[in-house]
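Visitor: Sequence and predicted structure are below.
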Amino acid sequence: MTLEKLRTKRILKHLRPSQFKYLAADIRKFLLQSISDTGGHLASNLGVVELTLALHTVFDTPIDKFVWDVGHQSYVHKILTGRKQRFNSLRQLDGLSGFPKATESLHDAFDTGHSSTAISVALGLAVARDLNNDNHNVIAIVGDGSITGGLAFEGLNNAGRSNTDLLVVLNDNQMSISQNVGAVSRHLNQLRTTSGYLDIKKDVRNLLDNLPLGFGKALTKGIESAKNIVKYAVLPGVLFEEMGFRYFGPIDGHDTTELIKVLRQTKKIKGPVLVHVVTKKGKGYKNAEQSPASYHGIGTFNIKTGKPRAALASPKYTDIFAKTLCHHAHINTNIVAVSAAMPDGTGLSRFRTQFPKRFFDAGIAEGHAVTFAAGLAKGGMRPVVGIYSSFMQRAYDNIIHDVAIGNLPVVFALDRAGAVCADGETHQGLYDFAYLSHIPNMTILAPSSGAELVEMMEFAFSHNGPVAIRYPNSPAAEYPELPMEKIVYGRSQQVIQGSEIAIMSVGTMLDKALVVAEKLRSMGYCPSLYNARFVKPIDANLAEKLAGYKYVFTIEDAVRLGGYGMRLQPTYVFAFPDAFIEAGTREELFKRHKLDASSIAEKILTIITTPAEN
């Protein structure tokens with residue numbers, strides 16, 4: 001069976017084991033060819049091919065509901081549900097989403113993009129099903145990384161005591177299959193998934209409870225104690241059992257036949273069930289198997305060599321941040337770094353290599369990471385918390401309650417800030433100005449260049465209080481013609497001196513602001529241009545200066561509501577609208593939302609040439 005011949009996923013129910021093997025190989029070949037051209041999440045999807053085939057063989061979407069945690073591993077699911085022909089548009093403007101998306105297909109039960117949410121969502125869907133007297137299946141597919149998040153455990157705790165029919169599939173791609181899959185594990189799994197075994201347990205309990213004079217209950221208690229001793233000794237899923245789940249596994253996640261058998265048997269079980277599946281991330285592509293982190297989310301690449309097709313012309317802000325942090329850490333031994341399971345993406349892997357004892361990975365637990373950093377700061381350390389802007393949203397209360405109220409010197413390095421290409425609505429870093437600006441004691445900076453980021457980090461380590469520095473995941477701009485002034489608390493930088501028109505540029509929008517200023521000058525106007533540097537506090541001296549201009553414009557890579565411009569109250573704010581922003585390259589998104597230099601200049605000219613109303 002080849003992917004080309006798989007006209008409908010219903011054919012899966014009639015395939016022989018050997019046909020699944022060839023189909024899995026064909027799907028991996030398609031994933032490699034497609035993702036090498038578009039970029040995307042490769043290693044995770046290569047690892048779940050057989051698991052996804054088994055799920056679609058046993059269950060029937062869209063009637064049955066699949067909730068993919070994070071969702072970056074749902075590519076095979078998309079292929080099997082009629083979206084194969086759209087993979088050439090994966091993660092592109094108006095193209096196929098890299099995550100589950102309900103508006104894209106009825107087979108996507110819920111929009112996801114962040115970690116550890118699937119169990120809670122699936123439980124909600126299952127309870128709604130029960131209240132509606134429906135009888136479909138609800139399945140949450142969760143990775144071993146995602147299940148470390150606190151929200152996942154909250155979901156497990158609630159689901160385990162609910163007695164609701166719910167299947168959680170734990171996709172474990174870290175544990176060695178050779179250590180966990182074998183005759184003993186398979187035998188235990190067969191015992192636990194056999195309906196006869198479960199019926200015997202129920203019948204024995206009923207028999208003992210009906211014995212006279214309380215003898216039965218005492219004997220039941222003794223048997224339960226003995227059972228617990230055996231359970232703790234030999235069963236790997238005791239944690240999930242204690243939380244109220246029936247646990248099955250570990251199971252070889254690349255054995256489609258075994259997966260189908262187990263999934264079919266679990267459908268007979270009432271209440272919450274957890275199936276532990278062991279897979280190999282990057283399976284089928286040697287480069288991804290050897291370095292799965294490098295192929296987690298990747299741009300276009302050469303399949304044969306595994307190398308990116310396009311090299312960056314200049315270092316990214318992330319690289320400059322990492323290098324500068326290590327420089328300061330050599331000088332100041334109190335500097336420590338905290339990651340939330342993203343040391344590679346945030347550049348903190350460089351710090352981890354040089355200062356292993358001063359690096360801490362909190363796992364996918366952003367709230368804990370921030371509060372942990374607060375404790376470090378209170379203990380005399382200078383913690384740097386490196387988390388993506390969109391993920392820092394998850395630690396909002398911790399920032400306020402544990403860091404800001406105590407005015408603790410925690411540095412928040414917000415990577416992937418502003419418009420984020422490819423990943424779409426769930427990953428846009430457009431909200432940090434809005435959710436941080438109103439917090440007392442918080443200082444927010446936005447560098448316009450790599451050199452300015454270096455200076456801002458110097459300032460952050462000298463400031464007595466929390467500091468957030470936000471920057472995009474893009475090559476760092478450089479302006480050698482502009483003198484680099486020392487960062488002074490709350491002060492902006494005047495780049496061009498003019499009259500009547502003032503343009504306030506925030507962060508990396510300076511490159512567009514310079515083009516806009518040049519366009520206006522070419523048409524006979526003489527605008528002033530300022531580089532804000534500080535989003536909070538707003539430069540008090542500048543506010544007085546701006547009162548002398550007839551027109552004031554702000555340009556920022558953030559949402560308009562709650563952003564820099566709305567606090568400054570200029571003539572016009574150039575920012576993203578009150579909407580969730582789709583996937584696309586940064587330049588495509590800027591152009592679509594009229595934030596490219598040409599659109600900004602055109603709008604400014606329209607405003608300043610339109611006669612004022614009386």
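Guide: Perfect, thanks for sending it. Note that the coordinates shown come from a computational prediction; the quantities given were computed from them, not determined experimentally.
Visitor: Now stretch 139-158: average pLDDT?
Guide: Per-residue pLDDT over stretch 139-158 has a mean of 89.
Visitor: Return the distance of residue 572 relative to residue 381.
Guide: Taking CB to CB, to the nearest Å as the measure, residue 572 falls 44 Å from residue 381. Backbone N, C-alpha and C define where each C-beta goes, glycine included.
Visitor: Check residue 514 too.
Guide: For residue 514, the distance to residue 381 (CB to CB) stands at 39 Å.
Visitor: So which of those two has more stuff around it?
Guide: Between residue 514 and residue 381, counting by other CB atoms under 10 Å, residue 514 is the more crowded of the two (22 against 19).
Visitor: And the pLDDT for residue 122?
Guide: Among the per-residue scores, residue 122 shows a pLDDT of 95.
Visitor: cool, residue 16 as well?
Guide: For residue 16, the pLDDT comes out at 83.
Visitor: Please work out how many residues are found near it.
Guide: Neighbours around residue 16, by other CB under 10 Å: 9.
Visitor: Tabulate the CA atom coordinates of stretch 128-144 in CSV.
Guide: Coordinates of the C-alpha atoms in stretch 128-144 are reproduced here as CSV (Å, rounded to 0.1, in the frame of the first residue of the first chain):
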residue,chain,number,x,y,z
ALA,A,128,-19.9,17.5,27.0
ARG,A,129,-20.4,14.3,25.1
ASP,A,130,-21.8,12.6,28.2
LEU,A,131,-24.1,15.6,29.0
ASN,A,132,-25.4,15.4,25.4
ASN,A,133,-25.9,11.6,25.7
ASP,A,134,-23.5,10.9,22.8
ASN,A,135,-21.2,8.0,22.6
HIS,A,136,-18.2,8.9,20.5
ASN,A,137,-14.5,8.5,21.7
VAL,A,138,-12.3,11.3,22.8
ILE,A,139,-8.5,10.8,22.6
ALA,A,140,-5.7,13.2,23.8
ILE,A,141,-2.3,12.6,22.2
VAL,A,142,0.3,14.0,24.6
GLY,A,143,4.1,14.0,24.4
ASP,A,144,6.4,13.1,27.2
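Visitor: Check what contacts that stretch and list those residues.
Guide: 44, 48, 51, 55, 59, 63-70, 73, 116, 118-119, 121-122, 125-126, 152, 164-175, 267 (CB atoms under 8 Å, 6 or more residues apart in numbering).
Visitor: Could you rerun that using 7 Å?
Guide: 55, 59, 63-70, 118-119, 122, 125-126, 152, 164, 166-174, 267 (CB atoms under 7 Å, 6 or more residues apart in numbering).
Visitor: Mind giving me the ChimeraX command for buried ones among those residues?
Guide: Restricted to buried positions by 16 or more other CB atoms under 10 Å, the ChimeraX selection for the contacts of stretch 128-144 reads:
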select :55,59,64,65,66,67,68,69,70,118,119,122,125,126,152,164,166,167,168,169,170,171,172,173
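Visitor: for the host helix or strand of residue 512, what is the average pLDDT?
Guide: Under the criterion of DSSP states H and E, residue 512 resides in helix 510-522. Regarding helix 510-522, the rounded mean pLDDT is 96.
Visitor: where does the closest residue to residue 512 other than its chain neighbours land on pLDDT?
Guide: Nearest residue to residue 512 in three dimensions, chain neighbours excluded: residue 597, at 4.5 Å (CB to CB, 6 or more residues apart in numbering). The model reports residue 597 with a pLDDT of 96.
Visitor: ok, now how distant is residue 597 from residue 389?
Guide: From residue 597 to residue 389 the distance is 24 Å (CB to CB).
Visitor: I'd say residue 344 and residue 295 touch.
Guide: No: if you go by CB atoms under 7 Å, residue 344 and residue 295 don't touch, sitting 11.3 Å apart.
Visitor: Compare these two and say which is more crowded by neighbours.
Guide: In this view residue 344 and residue 295 are compared by other CB under 10 Å, and residue 295 has more residues nearby, 24 against 16.
Visitor: middle-most residue in this protein, spatially?
Guide: Residue closest to the average C-alpha location in the chain (CA atoms, centre = their mean): residue 114, at 4.2 Å.
Visitor: and the closest residue to that one other than its chain neighbours, how many neighbours does it have?
Guide: Once flanking residues are discounted, residue 114 sits nearest to residue 426: 6.1 Å by CB to CB, 6+ apart. Using other CB under 10 Å, residue 426 has 19 neighbouring residues.
Visitor: low pLDDT regions in the stretch 151-300 of the chain?
Guide: Within the stretch 151-300 of the chain, the stretches with pLDDT under 70 are 174-236.
Visitor: Could you list every helix and strand in contact with the helix holding residue 512?
Guide: Applying 3 or more CB pairs under 7 Å, 6 or more residues apart in numbering; DSSP states H and E, we find helix 510-522 packed against strand 501-505, strand 528-531, helix 597-609.
Visitor: again, only using 10 Å
Guide: Contact analysis of helix 510-522 by 3 or more CB pairs under 10 Å, 6 or more residues apart in numbering; DSSP states H and E lists strand 493-496, strand 501-505, strand 528-531, strand 551-559, strand 572-576, helix 597-609 as its packing neighbours.
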